[in-house]
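Participant: sequence first, then the predicted structure, then my questions.
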Amino acid sequence: MEEVNTMMKLLRGLLIIFLSIMAVGCVRVIVKPSLTFGPSEARWVKKTLNRMTLEEKVGQMVCCAYSGHFVNTDSDFLHNLEALIREQKIGGFILFGGEVYETAYLTNSLQNKAEIPLLIASDLERGLGNQIDGTTLFPPLMSLGAAGSDELAYLMGKITAVEARAIGIHMTYAPVVDVNINPENPIINTRSFGEDPEQVSRLAAEFIKGCQQNGLMATAKHFPGHGDTDLDSHSVLPTIGGDLKRLEKVELYPFKKAIEAGVQAIMTAHLRLPALDPTPDLPATLSQPILTGLLRNKLGFKGIIVTDAMNMGGITTLYSPVEAAMRAVEAGVDMILLPPEPKEVIEALVCAVRSSQISEARIDVSVKRILEAKARLGLRKNKLVNVETLCEKLASKEHLQQAAKTFESSMTLVKNEKMALPLSGQDQKIAVFSLSSDPGGYFAGRTFIQEFEKRCPESIIFYADAFTGQEFIQEAFEKARDADVILFALFSRLYAWKGSVELDLKHIQMINESIALKKPVVVVSFGSPYFLRNFPEVDTYLCAYRHASEAQKAAVKALFGEIDIKGKLPVSIPDLYSIGHGLELLRKSKE
């Protein structure tokens, strides 16, 4: 009888194993990366820190750049990356662009060469698609401000996390929690959730939760706040002139709330803030009163402090790479991002410790935080990714549909005075102008035009960029005189070192001349919502916030009444519209 019972138990066990295997084959099991820290993680951190040399410790505090494009195994690019790992013992890399499989293979290769797992980070402000071709791309954070949805913010963070971890990225330099209260801001602008500190804080907290609950470290940036400047810190050192009371109410408030939400990293800003530190020409990145006194001691932040890129003009125009790195560490920074001379910076910091300029205990504090982050991310157990499952995890139909919903939910109708929208596309003669203010952006609106022509094939079409001459623009304008509706799609991209997101004066003139014709004129902004200040008399104004193809598709749907328009301005347009303004236009019923 005992033998029979034993045999039955064995058969039941085999049956359970068989059914489990079958279930795995039928159902895709997703194991969520954990951001927990327990006794075993603590032991690994202590053991690792105790055995590290001073050079290895300092190396952990430096992050350098790489890209996930194809490279030959004999390329200098790859050899330089390997030397940073092997010789400089750097703590991590920052990914700038690439393709899916190249990125995964290269990242795995770099991890295999590292004794201590590398912390891989990237700027994923708009999802993994912000860096990796073919993956899920979301709109800028101002679009989330326009939609005003906590759920959309959370799901954007979640999908970003799932895709980032699948490809080997552990940390995103997002969200931007700068409060954009300056319409002339050339570098934050639509990267911000908006100008209301409460809304910025609420949506940022949801995005942070979406990231970190799904295994991706989030980074609130740029501390103490980059929203009230008309200069780009990539080029120069801007100054924020607000007093302490204003700074606490506006700039600092979202950082306080991000800390309460559990954000695990904060990025510094290359800004001068006299109200917080009156030292001349001293960026917040290098300020001990701001980083240690305010962020650590007063606000109680216990996570990792990372610098903004140390190759930006806000630093390099005033300090050498070595001096900047030394001051940053003394100020309280844990990780130095993109120093122009990483080898020299590491050597100088090692010498500073040996000469007692910086204590080794100070270095240990930062390295401990970095190792704890790596342990919390699970990298001590598994630092590699499964390349074979990428086709299942990235850009799934569910992810793409969620991104499209986010783009569509953000469409904001500011004006519609002659009830030009929705367009009919049947009995209307429409002139459509795709105008890019960027050199080389001639076909910036190609997707918009293609989608528009599907619905209105007889449209008059014209493209122009910053290089297009006045005579061609005037010729196009003459052809548009007989149109029933004149429509302008405006593009002026937001990117580092550009210094402005304003429109080309020729394009502004053309719009204002069209308004003078006294026929319906529709303008769609695929960039800054503040464009309206250049042509306040326009009849219809729609904000789409970004030049991405997905935004262009959503805008065309909105123009033709195929989706509901419910977005609200997350910023005020000075002297024209206040924050929260937005007309609702519901989709046309299908009869």
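Facilitator: Arrived safely, thanks for sending. Residues are numbered from 1 along each chain as shown.

Participant: the stretch 151-300 of the chain: strands as residue ranges?
Facilitator: If DSSP state E, counting those that start in this stretch is used as the criterion, the strands of the stretch 151-300 of the chain fall at 171-172, 219-223, 265-268.

Participant: for residue 136, give me its contacts.
Facilitator: Taking C-beta atoms under 8 Å, 6 or more residues apart in numbering, we find residue 136 in contact with 127-129, 159-160, 163, 394-396, 399-400, 402-403. The C-beta positions use only the backbone N, C-alpha and C, and glycine is treated the same way.

Participant: return the subset of those residues lying in helices.
Facilitator: 159-160, 163, 399-400, 402-403 (DSSP state H).

Participant: neighbours of residue 99, how many?
Facilitator: Using other C-beta atoms under 10 Å, the number of residues around residue 99 comes to 16.

Participant: wait, isn't it in contact with residue 133?
Facilitator: Yes - taking C-beta atoms under 8 Å as the definition, residue 99 is a contact partner of residue 133 at 5.3 Å.

Participant: what residue spans form the domains of the chain?
Facilitator: If you go by automatic domain parsing, the domain ranges for the chain are 39-398, 411-559.

Participant: start and end of the shortest one, how far apart?
Facilitator: For domain 411-559, the separation between the terminal residues is 10 Å (C-alpha to C-alpha, to the nearest Å).

Participant: and the first one, by the same measure?
Facilitator: With C-alpha to C-alpha as the measure, the first residue of domain 39-398 is 37 Å from its last.

Participant: what about it, average pLDDT?
Facilitator: Here domain 39-398 scores 97 as its mean pLDDT.

Participant: cool, stretch 415-434 as well?
Facilitator: Computed over stretch 415-434, the average pLDDT equals 91.

Participant: any chance you could map the strands in this protein?
Facilitator: Along the chain, counting by DSSP state E, strands occupy 62-68, 92-98, 119-122, 171-172, 219-223, 265-268, 304-306, 336-337, 412-416, 430-436, 460-464, 485-491, 521-525, 540-543.

Participant: so how far is stretch 302-316 from its chain's centroid?
Facilitator: Centroid displacement of stretch 302-316 relative to its chain, using C-alpha atoms, centre = their mean, to the nearest Å, is 16 Å.

Participant: what residues of that stretch count as buried?
Facilitator: Using 16 or more other C-beta atoms under 10 Å as the test for burial, stretch 302-316 gives 303-316.

Participant: ok, now stretch 398-413?
Facilitator: 399-400, 402-413.

Participant: which ones are touching the closest residue to residue 580 other than its chain neighbours?
Facilitator: Nearest non-adjacent residue to residue 580, counting by C-beta to C-beta, 6 or more residues apart in numbering: residue 568, 5.1 Å away. Neighbouring residues of residue 568 by C-beta under 8 Å, 6+ apart: 146, 148, 412, 579-582.

Participant: repeat that for residue 538.
Facilitator: Contacts of residue 538 by C-beta under 8 Å, 6+ apart are 415, 511, 515, 521-523, 532.

Participant: turn these into a markdown table, including distance to residue 463 and neighbour count.
Facilitator: Output for these, formatted as a markdown table (distance: C-beta to C-beta, whole Å; neighbours: other C-beta atoms under 10 Å):
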| residue | distance to residue 463 | neighbour count |
| --- | --- | --- |
| 415 | 25 | 21 |
| 511 | 15 | 23 |
| 515 | 21 | 18 |
| 521 | 18 | 27 |
| 522 | 17 | 24 |
| 523 | 16 | 26 |
| 532 | 22 | 20 |
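
Participant: can you put those residues in CSV and add distance to residue 475?
Facilitator: Output for those, formatted as CSV (distance: C-beta to C-beta, whole Å):
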residue, distance to residue 475
415, 28
511, 16
515, 19
521, 19
522, 21
523, 21
532, 27
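
Participant: of these, closest to residue 46?
Facilitator: residue 532 (57.6 Å; C-beta to C-beta).

Participant: quick one: that closest one and residue 415, what's the gap?
Facilitator: According to C-beta to C-beta, to the nearest Å, residue 532 stands 8 Å off from residue 415.

Participant: which neighbours do the two share?
Facilitator: Among the neighbours of residue 532, those also in contact with residue 415 (C-beta under 8 Å, 6+ apart) are 538, 541.

Participant: if the most centrally placed residue in the chain is in a bridge, with which residues?
Facilitator: Nearest to the geometric centre of the chain sits residue 125, at 1.4 Å (C-alpha atoms, centre = their mean). In this entry, residue 125 is beta-bridged to residue 127, by DSSP bridges.

Participant: tell me the contacts of the spatially closest residue to residue 281 that is not a sequence neighbour?
Facilitator: Residue nearest to residue 281 in three dimensions, not counting chain neighbours: residue 318, with 5.3 Å by C-beta to C-beta, 6+ apart. Contacts for residue 318 (C-beta under 8 Å, 6+ apart) come out as 237, 281, 283.
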